[in-house]
Structure formats: C-alpha cells, structure tokens
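Enquirer: Below is the structure, and that's it, no one-letter string:
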C-alpha cells in the first residue's frame, strides 16, 4: 500500500461519522424506526416544496402564514434531531432509545404549539397564561438539548448564557446590569412571538434555506458533485501542483451548492488530498489547501452557507444586491488561492499528474478557451434578449414555450453526453496515475448546469423571490433526476429502461431524505440563534458590547475592527455557517456601525455584515476548534493543529479582504459603473496576487525581506489608493456650521456632505456621531433644505435642528430635534485617487526586475 492510501476502514468510519454527526445525524436505525426516520425526512422536504409552490394559492387549501410555517418547520427539525442524533458518544446508533422517542414527541409538540393554538395566542398578545409558559420552558430546554446533540456544546452554551443574562439582569455587575425580565416576559418574547426562536432567522430557514439545501442535495445525488470534481481535475490536474489547483476549483463549484464547509472538505478532499500528496504536498499542506478552498465555498454566492438569504432580511436590501456585493471579494479570494498553490508548486518544483488529453500548443488552448467563452457570452445575450422579445409576444403562453425550449436543450445535451462514456465514481483508496480527458468529461454532464441556469435566471432576470426561484430550479432538478437515466439509456440503445426509471425514483427519494437530514442542524441552529437575537433586542446587550469594545480600543478605528474580528472568530468557534452569521451579525455588526458613526467610519451596512461574516467562518479554519481542519487532517493523516495553522496562513488573503472593503467599498461594487467594476476587478485581483506573493515569500524567485515589504506596500496601494491621496490632498473642506444652508446650495446634486452631529444617547448623555448626507434636489440651499425635511435655527455661529419632517429623508438619515451640527465637510475637486496606482506599478516592476535578474543569474535554486 502506498503512502497516499494508508487510511484504513477505521478512518473511513471516523470521516463518515464526522460529516454525519455535524450535518445529517449519525444514527442509522434498522427496521421500522429507520423507515419512519427517512419517511419523516422525505415528508419534511415535500412540505417545504408545497409551501414554496404556487399550488396552495391556486387550489385554495394548505396555505400557511409565516408563523404557522415556522412552527411546523421547527417541529420537523426537533423531531428528526432527537431521532437522528444520539445523546452521547456511547449511545446506540442502530436503534432509537425509548427516552429519545419521548423527547422527540415532546419537542415536536412544543414547537407545533404556536401552530395548533395560533388563534388563541393571537387573542392574548403579550399576556401568556401558565400553560403557554410551561410549554415555552419545555420547548426552550428541549431546543437547547437538540442543539447540543446536533451542533455540539458551543451554541447551546452561548444561548443558555443569554437566557440567564435576560433573567439575572439586576444582579449583573457594572455596565452588564439591566432591568431584567420576568419568566413570563422571557417566554412570551422568546417562544410565543416572532422576536426570538420563531424570528427572522427561522423564517429565512423556512422560506429560503431549506429549498437551496434540498436543491444542492438533489444536484449531488444526480451526479453533479462527481461531475464537478472530474471536470476540475481534467482541466487543471496536469499543471504544476495541478491536483491542488483542481481541489480549489472543485471545492469552489461544490461550495456553490453546499451549505457546509466540513461536508465540502470531506466530499472533495477524499479525492483531492491523496492526489496532492502524490505530487509533493505534505499531509498538512494538502489538508490546508482543501480546508482553505472548502471554507471559501461559504463566501461564494449564490448560497454563501445560507447567509445570503439572512443578509436580505438583516440588511434590508434585495437578494440580487447581496450577490452583487459579495461576488467580487469571493472570486478574488479564489483566484488568489489558486496562485498560492502555484507558488507552492514552484517553490518545491512540483509536477502535475499525467494527462490523457492530446497535446496542444498553448496558443490553440487559449484560442479554444476564448472561443468557448465568447460562444457562452453570445448564447447568454441571445437567450436574454430573445426571451425579452418573446415574452410580450407570447403572453400567458411564454412559460410553456420557455419550458419546451428548455426541455429541448436538455435532450440535446443528453444526446451530446450519450456519445461519451459515463462518469464512474472513483475509489479514493485506489491510486490515480492519469487524468480523464477534458472533452469527454465536460460533455457528459453539461445538462447539470441547466438547473443552476434556471435558478440564476429566476433570481437575476425574472426577479422572483429566492424561495420561488429555488422551487422552480428544484422542480427542474427533479425532472432531470427522473428522466436522465431512461433517456440516456434510449440514446445509448439499451433496453433496461424500467430499471433506469426505478433508479431515478430511488435517487429522488434519497435526495429528498438527504436534503431534509442536512437541514436538521441548520433548522436547529437558526432557532437557537434566535434566542440570542431575542435576548439582544430584549436586554440591549448589544450596546453593552459596543461600550466594552470602545473601552478596549480607546476609540481607535483599526483597533475597533481588530477587536470585532477577534470576537467574531471566538463566537464562530464550533458553529455552522448559518448560526455563526446570525450570532456575529446580531452581536457585532451593530458594534461597528455604532462605534463607526461615533468615530468617523461611515460604511454601508452590507460591508459591516460581510466583515463579521468573513471572520465568523474563519473559525472553521482556525485552531483549536477549526472543524474543517480536523476533517481534512482525518483524510490526509496529518496533524490537525498544524493543518489548521497552515490553512490560516493560506487564508490570510480572506482575512485581509474585510479590512480592505470596509475602507474601500468599491470592492463591493457599491456605486460604481460597469467599466469601473471591470477595472476594479482587474486591479484588485492583481493586488491580491501580489499580496499572496508577499505573504508566501515567493514570486519569480524567493523574496528578500525588503521585497516582501515592497510587495505588501504595492498591494495596499492598489487596494486603497485613497489612503495616500488623502495625505496629498484632503478630500473635504471645512465649512462653518452657520453656513450649512449656503454650502448646501453650492455643492453638486450628485455629491454628499459629511456632517458631525452633537446630540444625546438613549440615557440623555452627550453623544457625537458622523453621517454622510446625500444632497437633495433643488435650485437653492433653502429649497434643498426644505426637500430634505429639515428646519435649522442658526444663531451665534451655531446651527441647531429646529424641526424634522415626519417620514422625510432627514428623519431617515437620523436627524432629530435639538441636535447641533458642529462640523460640515464639503467635497472638493482633486485628482482621482487611481493616480496612485502609477507609482505602485513602478515599484512592482522594480521588484519583478530584481527577481528576474536573480533568477536568470541562477544565484538561487527554485526548489525548496
């Protein structure tokens, strides 16, 4: 047996247990309990498809409001959690103990209480009776126990602390003290209203997340997961360090449909890690590459570990906007990881695996790639504008015509794929010495891309809700699962169509069960995280946390961000992506917003949420609780702590990005044109590659220490050119507050003013904040002030807010009666900040020249 294949049966069992215990439950009961478990899971999937579809409204029955749907959703999750997750490591895996049956039924009943007694509860809002409180206490306790089983102790402990904090407020020391809440008030807030357990987070899980997880499970069961891995290896496996590059791309494609970094690590890592070791990567580095790429899958739109849908609710912008803002940093991060792998391969003089592709000159490869890209773009434009023209002409018949065209394209793609051999599932324990050919591998599974296109079309073009978009994509995915085998069998002139149809239904059943079991942990996590969100809104602990961070950071902006990043890492330890984001966004996003406004850091809310989200998921990488690192180490046979530190080192680019887009929101494509967006993408990608070369200590040759410093300086300048331009020329000029109206009339309509406001906080203490104020329409300063909805009292060089019109732009911005404007900053004409890129590129050219000379002289060997 080779070094790559030393993983024995015990390790395989450990891996399966690690994934199942974190994602779907490790209990697999035999006999009738096992059949009941999978039947309930499938029923949950069918229920979610039903409430997402238009059928209830068309047929006039089975319509549930948001509260009822959330109640049933959590009832399913709790019932399955106690059936699928053992209480302890030594608990039986092949049967469900009587105690667990009792807890499962009791937990389900407590969760379904708001559905069964919805009418009675609506008649006594805010006035729970003893029965309500008893059910709520039982529900909270059983939810916490289900959380401990499904997700481990961290989230259960954090939620318990917040419950205790809510009840014990008067006895808390110093700034932590608050009025406290009664038991009746706690249960009413946490269990009987939409403020706690049944709040926004569980609502998003019910409406959107389940369908996307189910869509990913069906796509994987249909064979798309294996297809993505094979395509990545056929395209990249023969380059230097090729298996590692393929691992990055395969994990990125899998991350598009996966909500779990651990499952992503094991699914792709089982194949990629042994091959990385075969071309020269150490066990720890092979595992670290897989961890970095799998965890990055959680920041990749359109799913982002379900956080994208939560951001829609928490930030208050459309799903399309969330995807737009999150896309560029995620793509840049992936490109940089491929480059890091390339640098590792160069340092160690690695080679790729043997390719079975016919040899082609580089020029032909490039022309072929560009030709394929051009064909895709032309096809996309033709479809977009073709449908845009057809829809008004066809009217109500348009959906049927589009469906027929889609079915025809599906048949054509199956016909193309039928001309090539089927993709086989590789045994990860068997060595692979050559790679599959690219063309046959790509062609045989092109139809798997169609459901993803349907999903993106519904989201981006039709602008349907995420839930309805996922529903139609899932319906098409079900159609593919039931038809791909028999149609392909006919095209390949086989006669066993009955068996192929049966296999399709078995795949569908398996997908429905897997999707539901993968949702148990997410459903439980969103409900438990709702306890934390509810406690924050009920006790005001968010303001306490802001005070703590402000005291520790002494008002320094960079220290505020660093403390927030560290707290996000700590809070994210051991939590799945969804719960992780809910917790860190509820606790820490308001901290950055509040302290930023007080200290002059004014950034869009989406940038703040992405900041805490990025650092929250970094907890999956970072020791000592980096679960993905432990999973990768189990595959590679390496040390999990060293794997975690190596993965964190590779992930420095992901840790740097949040700081960069907080100070330069252009990276999030906020208020930039298309051409600006293209330029920002090119320059930012180059900057991230330079940053990777600096942190890895190698570019063309091994870096000298001063070259690494210069490269970091270049990368920083390309990312944030405004930092240096602000030193050369201040972007604002100060205007006396008494001249505010005059300044408002002199600035351009499309510009903004920066104001410092003196007011009071909730306790009546003086509070200074900053705000940016878009200039409203109007021909004069007085008219613009009126359109703003603001009246000022100007006396003795002071400008005091005298009146704020209800529902006006001024009220939305945060103006309030009796505030004083103490500073007015108006923008000035100056050179574009992008001019700073020129000296940065000149310094970069100097470093390249130095390293080329050194390499050409042969003064340093390339190999490590």
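Expert: Nice, I can see it. This structure is a prediction, so every number in the text was calculated from the model and none was measured. Residues are numbered from 1 along each chain as shown.
Enquirer: what's the pLDDT at residue 257?
Expert: Listed pLDDT for residue 257 reads 61.
Enquirer: try residue 511
Expert: pLDDT, residue 511: 91.
Enquirer: How many neighbouring residues does it have?
Expert: Neighbours of residue 511 under the rule other Cβ atoms under 10 Å: 25. (C-beta placed from N, C-alpha, C; glycine too.)
Enquirer: roughly how far apart are it and residue 81?
Expert: 20 Å (Cβ to Cβ, to the nearest Å).
Enquirer: next one: residue 183
Expert: 25 Å.
Enquirer: The two - which one has more neighbours?
Expert: residue 81 (27 against 13).
Enquirer: By mean pLDDT, which helix or strand of the protein comes out lowest?
Expert: helix 9-23 (a mean of 52; mean pLDDT, DSSP states H and E).
Enquirer: tell me which residues of the host helix or strand of residue 714 are tucked away?
Expert: In this assignment (DSSP states H and E), residue 714 forms part of helix 705-719. In terms of neighbour count (16 or more other Cβ atoms under 10 Å), helix 705-719 has its buried residues at 707, 708, 710, 711, 712, 713, 714, 715, 716, 717, 718, 719.
Enquirer: out of those, who's nearest residue 324?
Expert: Of all those, residue 719 has the smallest distance to residue 324: 19.3 Å, by Cβ to Cβ.
Enquirer: Contact partners for that closest one?
Expert: 660, 664, 667, 684, 687 (Cβ atoms under 8 Å, 6 or more residues apart in numbering).
Enquirer: So the second one is in contact with residue 722, correct?
Expert: Yes. Residue 664 sits in contact with residue 722 when judged by Cβ atoms under 8 Å, with a separation of 6.8 Å.
Enquirer: Between the two, point out the one with more neighbours.
Expert: residue 664 (20 against 16).
Enquirer: which residues of the stretch 751-864 of the chain score low on pLDDT?
Expert: Low-confidence segments of the stretch 751-864 of the chain, defined by pLDDT under 70: 762-763, 858-864.
Enquirer: those helices in it, which residues are they?
Expert: 781-788, 809-813, 837-857 (DSSP state H, counting those that start in this stretch).
Enquirer: Over to the stretch 451-600 of the chain?
Expert: Counting by DSSP H, counting those that start in this stretch, the helices of the stretch 451-600 of the chain are 466-491, 497-539, 541-553, 557-571, 577-587, 589-599.
Enquirer: And the first one, what does it pack against?
Expert: Applying 3 or more Cβ pairs under 8 Å, 6 or more residues apart in numbering; DSSP states H and E, one finds that helix 466-491 makes contact with helix 31-52, helix 210-221, helix 307-315, helix 398-418, helix 449-456, helix 497-539.
Enquirer: Kindly recompute the last result at 7 Å.
Expert: helix 31-52, helix 210-221, helix 398-418, helix 449-456, helix 497-539 (3 or more Cβ pairs under 7 Å, 6 or more residues apart in numbering; DSSP states H and E).
Enquirer: and the angle for that helix with helix 497-539?
Expert: For helix 466-491 against helix 497-539, the angle by axes from the mean of the first three to the mean of the last three Cα atoms, to 10 degrees is 170 degrees.
Enquirer: and if you look at the fourth one?
Expert: Relative orientation of helix 557-571 with respect to helix 497-539: 120 degrees, computed using the same axes, to 10 degrees.
Enquirer: The third one too?
Expert: Between helix 541-553 and helix 497-539, the angle comes out at 70 degrees (the same axes, to 10 degrees).
Enquirer: ditto for the last one
Expert: Between helix 589-599 and helix 497-539, the angle formed by their directions is 50 degrees, by the same axes, to 10 degrees.
Enquirer: what's the next secondary structure element after helix 589-599?
Expert: Next along from helix 589-599, by DSSP H and E: helix 605-617.
Enquirer: what angle sits between that following helix and helix 307-315?
Expert: Using the same axes, to 10 degrees: helix 605-617 against helix 307-315 is 130 degrees.
Enquirer: could you give me the average pLDDT of helix 605-617?
Expert: Helix 605-617 comes out at a mean pLDDT of 86.
Enquirer: That helix packs against which elements?
Expert: Using 3+ Cβ pairs under 7 Å, 6+ apart, helix 605-617 sits against helix 307-315, helix 319-347, helix 557-571, helix 577-587, helix 589-599, helix 652-663.
Enquirer: contacting residues around residue 711?
Expert: When contacts are counted by Cβ atoms under 7 Å, 6 or more residues apart in numbering, residue 711 touches 690, 693, 694, 847.
Enquirer: cutoff 6 Å now
Expert: Each residue near residue 711 by Cβ atoms under 6 Å, 6 or more residues apart in numbering is listed here: 690, 693, 694.
Enquirer: what's the helix or strand where residue 270 lies packed up against?
Expert: Assigned by DSSP H and E, residue 270 falls within helix 261-278. Applying 3 or more Cβ pairs under 6 Å, 6 or more residues apart in numbering; DSSP states H and E, one finds that helix 261-278 contacts helix 9-23, helix 242-255, helix 283-296, helix 627-636.
Enquirer: Quick check: the gap between the one residue sitting closest to the centre of the chain and residue 617.
Expert: When Cα atoms, centre = their mean is applied to the chain, the residue found nearest the centroid is residue 304 (2.4 Å). From residue 304 across to residue 617, the span is 9 Å (Cβ to Cβ).
Enquirer: tell me the phi and psi of residue 144?
Expert: phi -60, psi -40 (degrees, to the nearest 10).
Enquirer: Can you report how many residues neighbour the nearest residue to it once chain neighbours are set aside?
Expert: For residue 144, ignoring the flanking residues on the chain, the nearest one in space by Cβ to Cβ, 6 or more residues apart in numbering is residue 156 at 4.9 Å. Using other Cβ under 10 Å, residue 156 has 21 neighbouring residues.
Enquirer: do you know how far residue 156 is from residue 163?
Expert: In terms of Cβ to Cβ, residue 156 sits 11 Å off from residue 163.
Enquirer: circling back: between the helices and strands packed on helix 466-491, which one is closest to residue 190.
Expert: So among the helices and strands packed on helix 466-491, helix 497-539 is nearest, using Cβ to Cβ, at 5.0 Å.
Enquirer: by how many degrees do that closest one and helix 577-587 diverge?
Expert: Using the same axes, to 10 degrees: helix 497-539 against helix 577-587 is 20 degrees.
Enquirer: got the angle for helix 497-539 vs helix 210-221?
Expert: Angle, helix 497-539 to helix 210-221, by the same axes, to 10 degrees: 150 degrees.
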